[in-house]
Each structure stands twice: as C-alpha cells, then as structure tokens.
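Participant: below is the structure, and that's it, no one-letter string:
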C-alpha cells in the first residue's frame with residue numbers, strides 16, 4: 001500500500017525529538033510515498049509559545065522542508081510542506097492571511113485548547129478530574145470546531161475528537177452525534193478531509209482519532225480521509241497505518257487522500 005503520512009512534527013516545536021534527517025530516513029524505511037511535514041503554526045504571536053516554534057524560527061522551518069525535499073530527490077518519496085494551524089477565537093485574522101499566502105501543500109486545522117485549558121497536555125491532567133470539566137470541555141470544543149470549519153479554510157480536519165485523549169470520552173448521545181454530523185457536513189461541503197490519526201492508540205484512550213462512530217458519520221457526510229501518525233519522533237513515522245486502513249475499510253472508505261499545492265489526490269488502498 002502507498003502511505004501518505006501527512007501529520008508529522010519537527011524539533012522546532014519544542015516537544016518533538018529527532019533531526020529532520022532521522023524523520024526522513026524513517027519515512028524512507030517505512031516505504032512511504034508522501035511524507036508531510038506539518039509542524040505547529042507559530043501564529044498568532046505569543047500563543048502557546050512553549051509548544052510551537054517561534055515566529056522568528058519560521059524561516060528555518062521553510063528552509064528545513066526545502067532541505068529535506070532536496071535530500072529525498074531520486075527516491076520514490078515526495079516531501080510535502082504543510083502546517084498545523086490552531087483555532088484561536090478572536091485572533092484568526094492574524095493567522096489566516098499569513099497561512100493563505102504561504103506555499104503550503106496543505107493545512108491541518110486543529111484545536112488543542114478550550115479557553116485557557118490545554119486539554120491534551122498531561123501537565124493539566126488534574127483539571128480533567130474536577131466535576132463538570134468533561135462536559136464543559138466537550139461543549140466548548142464542539143462549538144469551537146463548528147466555528148472553525150465554518151469560518152476558516154484548511155484542507156484537513158485534524159484529530160477531530162482529541163479531547164478524549166485521557167479517556168474522558170463524550171457521552172455519544174443523539175445530540176452529540178447531531179453536532180458532529182453538522183460539523184462534518186460543513187467540512188465536506190468545503191472540500192475538507194477528515195484525518196485518521198493513529199496517535200490516539202498510544203495515549204490513555206487507546207483509540208484512533210476519531211472514533212468509529214464519528215468515522216461513520218463522516219462517511220455519511222461525504223468526507224474523505226487522510227492518514228496521520230502525528231509523529232513527534234522518527235520511530236512514530238507511518239505508525240499503525242495498517243490498523244488505520246483496516247478501520248477505514250470497515251467504515252466504508254476505499255482509500256486515503258493526500259495533497260500537493262492544496263490539490264487533493266485520492267490514493268486507493
């Protein structure tokens with residue numbers, strides 16, 4: 001199978017390890033056809049600065065991708081230039097114009113915060129244990145996700161149910177399913193694809209992002225899938241692709257999508 005791992009990071013984000021050359025070597029060893037470098041967006045200024053590159057590092061990031069592309073020449077691997085863009089309510093006008101003008105192959109749209117709560121950060125795990133936190137986080141998250149796909153343009157909706165990371169799953173009520181179905185319908189109409197992110201298999205929830213329920217809703221909404229390992233270390237490149245592909249097939253999907261110059265390319269299993 002041809003593998004397009006579109007969600008990977010670099011040491012510039014301050015919480016990944018390994019050199020760019022080591023990531024490239026891992027992608028080649030894994031037999032990938034597309035290796036997407038999609039580190040955390042440095043904008044807006046001052047946002048979550050401990051977990052993403054500095055704005056001053058962005059030229060280094062652009063150069064890093066260019067160097068890795070050059071080193072991959074002559075192989076069967078295509079290196080893609082991308083970014084993982086967070087939704088920061090009230091500040092996206094500082095972000096979107098900068099992202100739009102950059103020559104990315106694709107943009108992953110993700111949410112890691114509800115208000116000031118970094119819900120996927122283990123340093124704040126105690127916050128999850130407080131009564132009412134889970135319900136509040138999921139409600140705010142779903143509102144934000146709908147606002148994000150409605151108001152911004154990107155190609156891939158990243159780890160759509162990330163708040164479940166530590167096992168605090170939402171109650172899959174009819175209301176929950178309806179809210180996610182609406183989000184997927186909006187995203188589908190805008191040509192966005194849904195990321196099947198295998199990092200969830202290696203955290204307390206032990207489940208791919210998103211869940212089977214959400215994958216089935218996305219399929220009904222007409223969404224296509226991309227694959228991402230969310231690798232923060234070379235050994236995670238391409239991880240669990242076969243597991244992701246098997247789940248995708250079970251939910252009625254026939255392949256994954258990749259992007260070049262923001263143009264979608266469908267890759268059958």
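Facilitator: Looks like it came in fine. Everything numeric here is computed off the predicted structure, so don't read it as measured data.
Participant: for residue 129, which residues are in contact?
Facilitator: Going by C-beta atoms under 8 Å, 6 or more residues apart in numbering, residue 129 touches no other residue. C-beta: built from backbone N, CA, C; applies to glycine.
Participant: quick one: mean pLDDT over the longest strand along the chain.
Facilitator: Counting residues, the longest strand found in the chain (DSSP state E) is strand 78-86. For strand 78-86, the mean per-residue pLDDT is 98.
Participant: repeat that for stretch 211-226.
Facilitator: 98.
Participant: ok, then the element right after the longest strand of the chain?
Facilitator: Counting by DSSP states H and E, the next helix or strand C-terminal to strand 78-86 is helix 96-101.
Participant: neighbouring strands - and their directions - for whichever helix or strand comes after that following helix?
Facilitator: The first helix or strand that comes after helix 96-101 along the chain, using DSSP H and E, is strand 106-110. Strand 106-110 sits in its sheet next to strand 78-86 (parallel), strand 156-157 (parallel), going by DSSP bridges.
Participant: name the element the residue lying closest to residue 150 once chain neighbours are set aside belongs to?
Facilitator: Sequence neighbours aside, residue 186 is the residue nearest to residue 150 in space, at 5.7 Å (criterion: C-beta to C-beta, 6 or more residues apart in numbering). Using DSSP H and E, residue 186 sits in helix 174-189.
Participant: downstream of that helix, the next helix or strand is which one?
Facilitator: Remark: after helix 174-189, the chain's next helix or strand is strand 193-197, criterion DSSP H and E.
Participant: pull the distance from that next one to the chain's centre.
Facilitator: Centroid separation for strand 193-197 versus its chain: 7 Å, with C-alpha atoms, centre = their mean, to the nearest Å.
Participant: quick one: average pLDDT of that strand?
Facilitator: In this model, strand 193-197 has an average pLDDT of 98.
Participant: residues in contact with the following helix or strand past that strand?
Facilitator: Helices and strands here follow DSSP H and E; after strand 193-197, the next one along the chain is helix 212-220. If you take C-beta under 8 Å, 6+ apart as the criterion, helix 212-220 is touched by 160-161, 172, 177, 180-181, 184, 188, 194, 196, 210, 225, 247-248, 250-253.
Participant: could you tell me the angle between helix 212-220 and helix 174-189?
Facilitator: 40 degrees (axes from the mean of the first three to the mean of the last three C-alpha atoms, to 10 degrees).
Participant: what is the neighbour count of residue 13?
Facilitator: Per other C-beta atoms under 10 Å, the neighbour tally for residue 13 reads 19.
Participant: scratch that, residue 49
Facilitator: 12.
Participant: distance of it relative to residue 55?
Facilitator: To residue 55, residue 49 is 9 Å away according to C-beta to C-beta, to the nearest Å.
Participant: swap in residue 124?
Facilitator: 25 Å.
Participant: just residue 155 next, same as before
Facilitator: 23 Å.
Participant: who's more crowded, the two?
Facilitator: Taking neighbours as other C-beta under 10 Å, residue 155 and residue 55 compare with residue 155 leading, 24 against 15.
Participant: that one contacts residue 106, correct?
Facilitator: Yes. Between residue 155 and residue 106 there is a contact under C-beta atoms under 8 Å: 4.0 Å.
Participant: what residues are shared contacts of those two?
Facilitator: With C-beta under 8 Å, 6+ apart, residue 155 and residue 106 have common neighbours 259, 262.
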